[in-house]
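# predicted model follows, preceded by the sequence.
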Amino acid sequence: MGVITYEMEVPTTIPPARIFKAFVLDFDNLFPKVVPQAIKSCELIEGDGGPGSIKKVTFGEGSQFKYVKHRVDGIDKENFSYSYSVIEGDALMNTLEKICYENKFVPAPGGGTICKSTSKYYPKGDIEINEEQIKVGKEKAAGMYQAVEAYLLANPDLYN
């Protein structure tokens, strides 16, 4: 079976620079605070946070998974884009070699941002990928965007 690509767009009322700072640049600190049931902790275990760095994300009590390690593949602070690959952890379910994510935060017509995410799932060998599980994961990701948006709306002085 080949690579499966899944695209998602999540609109938010938050401007691109602000949502990028919160969602990408301060992910390690913000997510355990805003969605502790999903993300318990995030630690930089190799590098300086830029391309090539490795981060370990430990999931919260509400997750079916324990942890993942991801490699930062690219970060563009001027164009508000970020890419990374999940390279280790039980979220790969022993069926995936890796999952690559590309996230771009673009201005929405009339204000706010459209958070565009492309995910590529690379199966091991001829393993069939359960697309329903991918869909459930994407719905949880959309919920995290919404949680961050609510947090930023409640804290208008943060990440300006």
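Looks like it came in fine.
# and the strand or helix carrying Val86, how far out from the chain middle?
Secondary-structure assignment from DSSP states H and E places Val86 in strand 81-89. How far strand 81-89 lies from its chain's middle: 8 Å, per CA atoms, centre = their mean, to the nearest Å.
# quick one: list the elements packing against it.
Packing contacts for strand 81-89, counted by 3 or more CB pairs under 8 Å, 6 or more residues apart in numbering; DSSP states H and E, involve strand 67-76, strand 96-107. For the C-beta atoms, the positions are set from N, CA and C on the backbone; glycine is no exception.
# pull the helix or strand of the chain at the bottom of the mean pLDDT ranking out as PDB, backbone CA atoms only.
Of the helices and strands making up the chain, the lowest-confidence element is helix 131-154, at a mean of 83, by mean pLDDT, DSSP states H and E. Extracted in PDB, the C-alpha atoms of helix 131-154 (Å, rounded to 0.1, in the frame of the first residue of the first chain):
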ATOM      1  CA  GLU A 131      -8.400   5.400   7.400                       C
ATOM      2  CA  GLU A 132     -11.000   5.600  10.100                       C
ATOM      3  CA  GLN A 133      -8.300   5.900  12.700                       C
ATOM      4  CA  ILE A 134      -6.700   8.700  10.700                       C
ATOM      5  CA  LYS A 135     -10.000  10.500  10.600                       C
ATOM      6  CA  VAL A 136     -10.500  10.200  14.400                       C
ATOM      7  CA  GLY A 137      -6.900  11.600  14.900                       C
ATOM      8  CA  LYS A 138      -7.700  14.600  12.700                       C
ATOM      9  CA  GLU A 139     -10.900  15.300  14.600                       C
ATOM     10  CA  LYS A 140      -8.800  15.400  17.800                       C
ATOM     11  CA  ALA A 141      -6.300  17.700  16.100                       C
ATOM     12  CA  ALA A 142      -9.100  20.100  15.100                       C
ATOM     13  CA  GLY A 143     -10.200  20.100  18.700                       C
ATOM     14  CA  MET A 144      -6.800  21.200  19.800                       C
ATOM     15  CA  TYR A 145      -6.800  24.100  17.400                       C
ATOM     16  CA  GLN A 146     -10.200  25.100  18.900                       C
ATOM     17  CA  ALA A 147      -8.800  24.800  22.400                       C
ATOM     18  CA  VAL A 148      -5.900  27.000  21.600                       C
ATOM     19  CA  GLU A 149      -8.200  29.600  19.900                       C
ATOM     20  CA  ALA A 150     -10.400  29.700  23.000                       C
ATOM     21  CA  TYR A 151      -7.300  30.100  25.300                       C
ATOM     22  CA  LEU A 152      -6.000  33.000  23.100                       C
ATOM     23  CA  LEU A 153      -9.400  34.700  23.000                       C
ATOM     24  CA  ALA A 154      -9.600  34.500  26.800                       C
END
